[in-house]
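J.: A structural model of the following input is requested.
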Amino acid sequence: MLDELCDLLRIPSVSADPTFDGDVKRCAAAVASSLQQAGASNVEVMETPGHPIVFGQYHVSDEAPTVLVYGHYDVQPPDPIDLWDNPAFDPIIKTTPKHPEGAIFARGACDDKGQMFMHVKALESMKSSGDVPCNIKFIIEGEEEVGSSHLDAFLEKHKDKLSADVVLVSDTGIISNDIPSITVGLRGLSYVEVEVTGPNRDLHSGLYGGAAPNPINVLCEMIASLKDEDQRIAVEGFYDDVLELTQDEREDMARAPFNEAAHRESIGIGAHEGEHGYSPTERMSIRPTLDINGIWGGYMKEGAKTVIASKATAKVSMRLVPYQDHDKITKLFTKHFHKIAPPSVTVKVTEMHGATPAVTPTDSPAYHAASLAMKHTFGKNPVPIRSGGSIPIVASFERILGLKTVLFGFGLDSDAIHSPNEHYGVFNFFKGIETIPHFYTHFARLHNED
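T.: Numbers count the residues shown, from 1 in each chain. A predicted model of the protein is given here:
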C-alpha cells in the first residue's frame, strides 16, 4: 500500500500551473486505476471545463445506506523548491520526533493523496474480507487547490448519480496520534489579488524619487492599514455577520489540549500574535483573518537596480467564519481597498476564489459512527474541534445535494501541508485504513436504527 501511494505521489499533479496539465490528467487515470483495483465498479474519468473528476462506486444493495467519499488528487505547487530536503515528487520515508514509525515526505502526502488513498485501500480491505456494509461512491477531483471552480456545476449535472446519505471527507486532521479528533467546523475563504499602479513605466529612483509615487511603498502602506493596533481587520462591515461564540462554547473549545510553548517552537516563532481578546486556538479557528500570501514588484534578481517600479502586486486571503458570505466580504474589501488608495495611484482588485464557512452537526448517525470508529481504533473518544482551514465543497454538498459532511481526517498540524517537506505519518496512513471500515459498520447500524 505504501509503494502504491508513493507511485501516486510521484505524479506532479499541480492544478494551479498549466505546465502540469498533462500530469494532472495522468494522475486522474492513476486514481481511476486504483479504484478499479480496489473493487469499485463504473469507474469513470469525467471531463470538466477544467481538470477531470474521477467517479467510482461499490454497490452492496438498495437497502444499504450510501456514503459519498470525497477527496482530491491535485496538489499545491512545491515552491520554494530549494527548501525541500528531498525532491517534492520523489517520496521518501524517514522518522521524525512526531513520527517515530516513519513519515512519507512528498508534496500531496497528507493533502490529500495520502488521506484520499486511505479510502481506496479501506474499500480494498473490506472487499477482501467480504464485509462491505454500505454502498460507497467516490468523487475524487483535480481542482480543490484552485478553488473547485467546476465542482458545483458537476454536482448540479450529476445529482442522481451522486445521491447518497452522507459525505465522508478525509482532508483534515487529528490533535495528535494519541488524541483523536473530528473536525466539526471549517472557515470560509475570500481570496483576491490586488494591483497598485503608479507611473506608466519603471523610473530611475534618483531622477524621479521623492516626487513620483512608488507603488511598492504605497501597497505596503495600504496593507499595513488593513488592521488596527488590536489586530482587528479595518475593512468596514467586515465583522457584521461574524458568529460570536458564547463563553460556554469557548470554554468547551479550551478543553482541547494545546501547548502554546510547544506550538511556538514547532513553527519557530517567538510569540503568537493576532486579534486582541482571543486565544491562539480561537484565532486559528473561530475568528476571521486577513493575510498577505505573496507580494512582489520592481527588481528582484541578484545585485542592485535603482528603479521605482510601475506596479506592485499582492495576493490576499481572508478566512471567514459563520455567517460571513465570501461574495459580500470580497465586495467589502474591494470597496475599502479603492477607498484607501491615494490619488497618486490606481488600484485593481481581482477575485480569485472563495469558500463558504461550514459547521457540521454532532448529533447525526454519521457523526456518531465516526466517533465510535475512532474510539474503537484509538481506544478513546475523539474530541470535536473546529479547523481554521477551508474546504469549499462542504457547503456545496449541502446546498446542491442536500448532504451533510463528516470530516474524518488523520493528519497532524505539523505535517507541513502547503509547505516544503510536507509529510504524512505511516501510523496515520494505516490508522485511517484501519478506522474507516469501522465507520461503515457503525453507520449502517445507526442509519437503520434512525
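J.: For whichever strand or helix holds Met374, give me every contacting residue.
T.: Per DSSP states H and E: Met374 is located in helix 365-378. Contacting residues not belonging to helix 365-378 are listed as 165-166, 168, 178, 180, 182, 184, 360-361, 381-382, 404, 406, 408, 431, 434-436, 438-443, 446-447, 449-450 [CB atoms under 8 Å, 6 or more residues apart in numbering]. C-betas here are computed from N, CA, C, even on glycine.
J.: could you list every residue that touches the nearest residue to Ser170 once chain neighbours are set aside?
T.: Among residues not flanking Ser170 along the chain, Gln115 sits closest, at 4.0 Å (CB to CB, 6 or more residues apart in numbering). Residues near Gln115 by CB under 8 Å, 6+ apart: Gly71, Ser170, Asp171, Gly409, Phe410, Gly411, Tyr424, Gly432.
J.: Need these in a markdown table (columns: neighbour count).
T.: What follows is the contacts of Gln115, written out as a markdown table (neighbours: other CB atoms under 10 Å):
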| residue | neighbour count |
| --- | --- |
| Gly71 | 24 |
| Ser170 | 26 |
| Asp171 | 25 |
| Gly409 | 24 |
| Phe410 | 28 |
| Gly411 | 25 |
| Tyr424 | 33 |
| Gly432 | 24 |
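J.: So which of those residues is the closest to Gly389?
T.: Closest approach to Gly389 among the contacts of Gln115 (CB to CB): Asp171, at 8.3 Å.
J.: Was I right to think that closest one contacts Phe410?
T.: No. Using CB atoms under 8 Å, Asp171 is not in contact with Phe410, being 10.3 Å away.
J.: Next, count neighbours for Ile140.
T.: Using other CB atoms under 10 Å, Ile140 is surrounded by 29 other residues.
J.: Touching, it and Tyr73? I think so.
T.: Yes. Contact criterion CB under 8 Å: Ile140 and Tyr73 qualify, at 5.6 Å.
J.: any common contacting residues for the two?
T.: Counting by CB under 8 Å, 6+ apart, the residues touching both Ile140 and Tyr73 are Ala28, Val31, Val54, Met116.
J.: got the contact list for the first one?
T.: If I follow you right, that is Ala28. Ala28 neighbours (CB under 8 Å, 6+ apart): Ser13, Val45, His51, Pro52, Ile53, Val54, Tyr73, Ile140, Gly142.
J.: Check which helix or strand it maps to.
T.: helix 21-38.
J.: tell me the mean pLDDT over that helix?
T.: Across helix 21-38, pLDDT averages out at 98.
J.: after it, next one along is what?
T.: strand 41-46.
J.: Tell me which strands the following helix or strand past that next one pairs with, and in which orientation.
T.: Counting by DSSP H and E, the next helix or strand C-terminal to strand 41-46 is strand 53-58. Note on strand 53-58: by DSSP bridges, its sheet partners are strand 41-46 (antiparallel), strand 135-141 (antiparallel).
J.: out of those strands, deepest packed?
T.: strand 135-141 (a mean of 26; mean count of other CB atoms under 10 Å).
J.: Toward the C-terminus, what is the element adjacent to it?
T.: The C-terminal neighbour of strand 135-141 among helices and strands, as given by DSSP H and E, is helix 151-157.
J.: contact partners of that following helix?
T.: For helix 151-157, using CB under 8 Å, 6+ apart, the contacting residues are 46, 48-49, 53, 141, 143, 162, 392-393, 396-397, 400-401.
J.: Now list the buried members of those residues.
T.: Neighbour-count burial (16 or more other CB atoms under 10 Å) applied to those gives Met46, Thr48, Ile53, Glu141, Glu143, Leu162, Pro392, Ile393, Ser396, Phe397, Ile400, Leu401.
J.: just the residues you listed now: which is nearest Asp230?
T.: Pro392 (29.7 Å).
J.: ok, now which ones touch the closest residue to that closest one other than its chain neighbours?
T.: Distances taken as CB to CB, 6+ apart put Ala355 closest to Pro392, at 3.5 Å, once the chain neighbours are dropped. If you count contacts by CB under 8 Å, 6+ apart, Ala355 has them with Gly147, Gly188, Leu189, Leu320, His326, Ser390, Ile391, Pro392, Ala395.
J.: from these, which ones fall inside strands?
T.: Among the contacts of Ala355, the ones falling in strands (DSSP state E) are Gly188, Leu189, Leu320.
J.: wait, which of those is closest to Lys335?
T.: Leu320 (16.8 Å).
J.: Taking their axis directions, the longest helix belonging to the chain and helix 365-378 sit at what angle?
T.: Using DSSP state H, we find that the single longest helix of the chain is helix 426-449. If you take axes from the mean of the first three to the mean of the last three CA atoms, to 10 degrees, helix 426-449 sits at 140 degrees to helix 365-378.
J.: How far off centre is helix 426-449?
T.: Here helix 426-449 is found 22 Å from its chain centre; the criterion is CA atoms, centre = their mean, to the nearest Å.
J.: Can you give me the buried ones in that helix?
T.: 426-444, 446-447.
J.: and what of stretch 314-322?
T.: Counting neighbours by 16+ other CB under 10 Å, one finds that the buried residues in stretch 314-322 are Ala314, Lys315, Val316, Ser317, Met318, Arg319, Leu320, Val321, Pro322.
J.: Could I get the phi/psi values of Ala314?
T.: Main-chain torsions, Ala314, degrees, to the nearest 10: phi -150, psi 150.
J.: can you list the domains in the chain?
T.: Taking automatic domain parsing as the criterion, the chain consists of the domains 2-186+357-449, 188-242+288-355.
J.: can you tell which of those is closest to Pro257?
T.: domain 2-186+357-449 (6.2 Å).
J.: got the end-to-end distance for the closest one?
T.: Terminal residues of domain 2-186+357-449 are spaced 37 Å apart (CA to CA, to the nearest Å).
J.: thinking again about what came up before, tell me which of the domains of the chain is the most buried.
T.: The most buried one of these (mean count of other CB under 10 Å) is domain 2-186+357-449, showing a mean of 20.
J.: Could you find the closest non-adjacent residue to Phe89?
T.: Phe89 sits nearest to Pro12 (CB to CB, 6+ apart), 4.7 Å away.
J.: Looks to me like the one you found is in a strand.
T.: No. Using DSSP: H, G, I helix; E, B strand; the rest coil, the assignment for Pro12 is coil, not a strand.
J.: isn't it right up against Asp21?
T.: No. Using CB under 8 Å, Pro12 makes no contact with Asp21, being 10.9 Å away.
J.: Quick check, Ser147 in contact with Gly354.
T.: Slight slip there: residue 147 is Gly, not Ser. Yes. Counting by CB under 8 Å, Gly147 does reach Gly354; the two are 7.4 Å apart.
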